[in-house]
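> no FASTA, just this:
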């Protein structure tokens, strides 16, 4: 699906806070990058058009953003259903393949905001066997205060990790703490997949109306994904319980 937009972006007017202080005028959503690029704000506008309104792209799931950015299948891993060792191996393999990754937490702990997402940039194993992952807060500021944070790394660990101390949003966290803090990981599996597509219709009043059988022709990895219209594509609601939501929903398998 193609989404066409112009280059106009919504902004918030300057606000007088009193006492000679003002909240500056700014773009309503994503800001331009440090080098002056506006692609993220323009992509956000395209997503807002696709999802019917800017209000429907507030928050959301990184897996959806990965799919829109790359067109690739995205793996969602719920951490309580896996183990530290298995997940670290998954992350190491993804780093080796240069796949994009995002992780997220619910609770605000160790200085991290709750219900937030972080880029996963790298993995490392220290000489003492400790397994760590390198994360970045997209806000670009340093807030993590837990184990292996900037203030707790030793000089030897800083050298071993080739880490730069600074208020840049980048930090290391050991896997045990990672599992205490985070809830899920998303991995965009960017490869040259052979794809096939099946267009169908889902009847919401009878979810068992249609069944499909897939026969794998050879030993190979298979990813099955579903693309469909969700409630966010209907402007006046965030739920499916609305007259605007049709009983027959078109989707692709």
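Yep, that arrived. Note that the structure is a prediction, hence the values are computed from the model and not measured. Residues are numbered from 1 along each chain as shown.

> quick check, residue 46 in a strand?
No. When DSSP: H, G, I helix; E, B strand; the rest coil is applied, residue 46 is found to be helix, with no strand at that position.

> Next, the contact list for the nearest residue to residue 135 once chain neighbours are set aside, please.
Counting by CB to CB, 6 or more residues apart in numbering, residue 135 lies nearest to residue 118, which is 4.4 Å off, once chain neighbours are set aside. Where C-beta positions appear, they are placed from N, C-alpha and C, glycine not excepted. Going by CB atoms under 8 Å, 6 or more residues apart in numbering, residue 118 touches 102, 103, 104, 105, 135, 136, 137, 138.

> Can you list phi and psi of the residue nearest to the spatial centre of the chain for me?
Nearest to the geometric centre of the chain sits residue 62, at 2.2 Å (CA atoms, centre = their mean). Main-chain torsions, residue 62, degrees, to the nearest 10: phi -60, psi -30.

> right, and it touches residue 186 too?
Yes. Here residue 62 reaches residue 186: they are 4.9 Å apart, a contact under CB atoms under 8 Å.

> Please enumerate the strands of the stretch 101-250 of the chain.
Secondary structure of the stretch 101-250 of the chain (DSSP state E, counting those that start in this stretch): strands at 116-125, 131-136, 170-174, 182-188, 199-203, 227-228, 248-252.

> Let's have these in JSON lines, adding mean pLDDT.
Converted to JSON lines, the strands of the stretch 101-250 of the chain look like this (pLDDT from 0 to 100):
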{"stretch": "strand 116-125", "mean pLDDT": "95"}
{"stretch": "strand 131-136", "mean pLDDT": "97"}
{"stretch": "strand 170-174", "mean pLDDT": "96"}
{"stretch": "strand 182-188", "mean pLDDT": "94"}
{"stretch": "strand 199-203", "mean pLDDT": "63"}
{"stretch": "strand 227-228", "mean pLDDT": "58"}
{"stretch": "strand 248-252", "mean pLDDT": "48"}
